[in-house]
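Peer 1: Predicted model and sequence below, questions to follow.
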Amino acid sequence: MQLLDGKALSKTIQKEIKTAVEQRIQEGKKRPHLAAILVGTDGASQTYVGHKVKMCKAVGFQSTLLQLESDTSQADLIKHIQQFNENEDIDGFIVQLPLPKHIDVNTITEAIDYQKDVDGFHPQNIGRMAQNSPCFLPATPAGILELLARNKIETSGKECVVIGRSNIVGRPMSLLLSRNNYPGNCTVTLCHSRTQDLAVHTRRADILVVALGKPEFITADMVKEGAVVVDVGITRVADASRKRGYRLAGDVKFDEVAPKCSYITPVPGGVGPMTVIMLLLNTLRASDKE
Ligand code: NAD
C-alpha cells in the first residue's frame, strides 16, 4: 500500500507556484490577486478563508478579504460581486460557501464573471469541463486528478465508483474521470443517497472516490483488493483526548481499508491540502490571461 500524500504534493506545487510568481514579477508583470467574499461568521468558513489568505501570502499572491454581515441582502452581495467582476486588479475571486439561507447559491454563482470564477462553480466552467474545453476546474476534484497524475496512477479503462453527487465534489469528479483524458477514461458509476446496495458497486471499483461526509462509512468488506481509494470526507468527531476536543475523520475506515489498497489518501493530509493549492493554481492561470 502506498499513501497518496497530498500534504507533500501540495508543498511541491506551492514551491512551483511561488517560483512562477517570482518569474512574473521579474518580467514586470503584476502579482496574481485572489479575492474572497465571506458572508457571516460561520467558524469553519472563517478558518477556510483565513487559510486561503495565508496561502496567498506564502506564494506571493496579493489577497483581498471582504467580510460581510450575515444579514447582507442578496442584492447587496451581487453589487459587491459586480465590483469584483469589474476590478481589473483582481484576477480571480471566490464567494465562500455555505451562504446564509436567505441567499440563493446558484444566483450568486452565476453573478460571478466566469473568467474570474477560480472555484470553477459557474455553469460556463461546468459546461466547458463537461465538453473537455479549457476552463477552471473545481478545486477538490482537480486536486484529486493531480494526486492521481503525479503518482502516475493508471486510470484508462478502470472501473471508477464515486460516492456523493454534490456540485463541488462528487458530480464534477464523475465527469472528469469519464473524460477522454489522462487522468480519465474510466468507466464511472456515480452513487448517492438513493443508491441501493452500495457495496455491490464499491466492491467493483478499481478507483473509489468517497465524498459523502459520514465518518468511517467505508469498511474493508466494501473495497476491492488492490483498489485506489480517495477519501474526500472531513468531519469533526468529538475526541476528549485531543487538546482541541475533536479529531478530523475521513469517510473511510483507514486502518482496516488501507491494507487492501494499492494507494489510499490519509485524512488529514490527503485531499484537503490539494484543494487550496488548486485554487491558487487556478488564480495563477487567471492572472496569465492578462
Ligand atoms: P454533500 O453533503 O453536499 O453531499 C453528500 C453526498 O453524499 C450527497 O450527494 C448524498 O447523496 C451522498 N450520500 C449521503 N449518504 C449516502 C449514503 N448512505 N450512500 C451513498 N451516498 C450518500 O457533501 P460534499 O460537499 O460533497 O462533501 C462531502 C464530504 O467531503 C464532507 O465531509 C466534506 O467536509 C468533505 N469535503 C472535503 C473537501 C476537501 O478539501 N478535502 C472539500 C469539499 C468537501
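Peer 2: That came in fine, so what should we check first?

Peer 1: what about Lys260, how many neighbours?
Peer 2: Using other Cβ atoms under 10 Å, Lys260 is surrounded by 17 other residues. All C-beta spots, glycine's among them, are computed from the backbone N, C-alpha and C.

Peer 1: ok, Gly60 to Asp91 distance?
Peer 2: Spatial separation of Gly60 from Asp91 under the definition Cβ to Cβ, to the nearest Å is 13 Å.

Peer 1: residues of the single longest helix found in the chain that come out buried?
Peer 2: What stands out as the longest helix in the chain, according to DSSP state H, is helix 6-26. Judged by neighbour count (16 or more other Cβ atoms under 10 Å), helix 6-26 contains these buried residues: 6, 9-10, 13-14, 17, 20-21, 24.

Peer 1: how about TSV for those residues, with distance to the ligand and pLDDT added?
Peer 2: As requested, these are exported to TSV (distance: Cβ to the nearest ligand atom, whole Å; pLDDT from 0 to 100):
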residue	distance to the ligand	pLDDT
Gly6	8	98
Leu9	14	98
Ser10	11	98
Ile13	15	98
Gln14	16	98
Ile17	18	98
Ala20	23	98
Val21	23	98
Arg24	27	97
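
Peer 1: Identify, from those, the entry nearest to Pro134.
Peer 2: Closest approach to Pro134 among the buried residues of helix 6-26 (Cβ to Cβ): Ala20, at 18.1 Å.

Peer 1: what's the neighbour count on the closest residue to that closest one other than its chain neighbours?
Peer 2: Excluding the flanking residues, the one nearest Ala20 by Cβ to Cβ, 6 or more residues apart in numbering is Leu284, at 6.0 Å. Taking other Cβ under 10 Å as the criterion, the count of residues near Leu284 is 21.

Peer 1: okay but Leu284 is in contact with Glu22, surely?
Peer 2: No. Distance between Leu284 and Glu22: 12.0 Å, which falls outside the contact criterion (Cβ atoms under 8 Å).

Peer 1: circling back: touching the helix or strand just after the longest helix of the chain from outside, list them.
Peer 2: Moving toward the C-terminus from helix 6-26, the next helix or strand (DSSP states H and E) is strand 33-39. In this structure, residues lying in contact with strand 33-39 by Cβ atoms under 8 Å, 6 or more residues apart in numbering are 45-46, 49, 52-53, 56, 61-70, 72, 77, 80-81, 84, 87, 89-96, 99-100, 103, 118, 279-280, 283, 287.

Peer 1: and strand 33-39, which strands flank it?
Peer 2: Using DSSP bridges, strand 33-39 pairs in its sheet with strand 62-68 (parallel), strand 92-95 (parallel).

Peer 1: which stretch among the ones you listed comes nearest the ligand?
Peer 2: Smallest distance to the ligand across these (Cβ to the nearest ligand atom): 13.0 Å, for strand 92-95.

Peer 1: Go through the residues of the stretch 1-150 of the chain and report the one nearest to the ligand.
Peer 2: Using Cβ to the nearest ligand atom, Thr140 is the residue of the stretch 1-150 of the chain that sits closest to the ligand, at 4.2 Å.
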